[in-house]
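**Q** here is my input, please return the structure:
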Amino acid sequence: MSRAALFLTNDDGIDSAGLHLLIEALHARGHPLVVLAPASEQSCSGMRLTLRHDLEFEEREDIANSLRTEGGPPLRIFSLDGSPCDCAIVALDGGLQVWAPEIKPAMCVSGINQGPNLSVDVLHSGTVSAARETSLYGLPSIAISLATYEHSEFSQTVEASLGIIEACLTVLPEEPVNLRRPEGSRRKPLSEGPMGARARSAFAHGDMFLNINGPESWNGELQTVSLGSRWYHNAIDMKDTKNIGVAFEVGAATIEDEDIPGTDCNAVNSGAVAITPLSSWPVNHPLGLSGELLSAATEQGVFGLPSWLE
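**A** The predicted structure follows:
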């Protein structure tokens, strides 16, 4: 049975272990893949774009040859000397049509990122931003992270991700229906009909995407949840603030997750994989999702997936 093609990117860079393991697993399952990822690590780059200088582009046949399943479907891997959002824009604004015309992705997967992308992290994350940028171009998209730095064992997150990816593909058409948004904002999210159908339509048209976080040790559960509340304390050493010219490194000494049931922080800390639907657009944008639709899209089904995916 032929499987849907996928576009992969990330923010940890083209050589990252999480990306390679996901490529290997998806290709072994029979998915044609095209990858365009940053040439170097771009963590916490948000939606930064590289302006005013050329970006170096390279096909990485060495990586493709090391990960390819013999006799498997097409696999093309490229790197770009830019940010995750640069990669998304270059790929979807005509790049893939030129470099890999044989692969027509039905969905984007950004990741697997090393480290959490929970709560406010989604505003800074390059992994999440690449998925968001892709969805802004009308391609359905998900972002995936291993929400720990305690280890780099991605196998459990890969296992969970494969099931989530397949569930997403079952509700999507074979080819994207809104790629590069030919109708602009004239094609608005559905405002009538069953909420499940409205959520599936928002996902298919790129107006909503999914943010997924795997825990340090997975208990086998999936939870569909809202964003939680996470606080970063003591980001700099205040003892040196009087010394003009001293260098500072941004990074919190302590991180506090509020224990709020039904949120991504709570789910991951309990050992579950957290799935969080996010509006691709700000809520006051013409294509922003209503609170009612986003709330309905976050309703959990029997098996922990969003109810509109089950």
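**Q** which stretch of helix or strand covers A88?
**A** Counting by DSSP states H and E, the element that carries A88 is helix 84-90.
**Q** I'd like the next helix or strand past that helix.
**A** The element immediately downstream of helix 84-90 (helix or strand, assigned by DSSP H and E) is helix 96-99.
**Q** report the buried residues of that next one.
**A** For helix 96-99, the neighbour count (16 or more other Cβ atoms under 10 Å) marks L96, W99 as buried. (Glycine included, C-beta is placed from N, CA and C.)
**Q** and the helices in this structure?
**A** In the chain, the segments counted as helices under DSSP state H are 17-28, 61-67, 84-90, 96-99, 126-136, 155-170, 195-204, 264-269, 291-297.
**Q** G46: which of those helices is closest?
**A** helix 126-136 (5.3 Å; Cβ to Cβ).
**Q** what inclination does that closest one have with respect to helix 17-28?
**A** Counting by axes from the mean of the first three to the mean of the last three Cα atoms, to 10 degrees, helix 126-136 lies at 50 degrees to helix 17-28.
**Q** mind giving me the packing neighbours of helix 126-136?
**A** strand 6-9, helix 84-90, strand 107-114, strand 141-146, strand 208-214 (3 or more Cβ pairs under 8 Å, 6 or more residues apart in numbering; DSSP states H and E).
**Q** partners of the first one in the sheet?
**A** The strands beside strand 6-9 in its sheet (DSSP bridges) come out as strand 33-38 (parallel), strand 107-114 (parallel).
**Q** what's the closest of the ones you listed to G95?
**A** Across these, closest to G95 is strand 33-38 (Cβ to Cβ), at 7.0 Å.
**Q** can you list contacts of that closest one?
**A** Strand 33-38 has contacts (Cβ atoms under 8 Å, 6 or more residues apart in numbering) with 5-11, 13-14, 16, 19, 23, 26-27, 73-84, 86-87, 90-91, 95-96, 99-100, 103, 105, 126.
**Q** for PyMOL, write a command that selects the buried ones of those.
**A** In PyMOL, a selection of the buried entries from the contacts of strand 33-38 looks like this (16+ other Cβ under 10 Å):
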select buried, resi 5+6+7+8+9+10+11+13+14+16+19+23+26+27+73+75+76+77+78+79+80+82+83+84+86+87+90+91+95+96+99+100+103+105+126
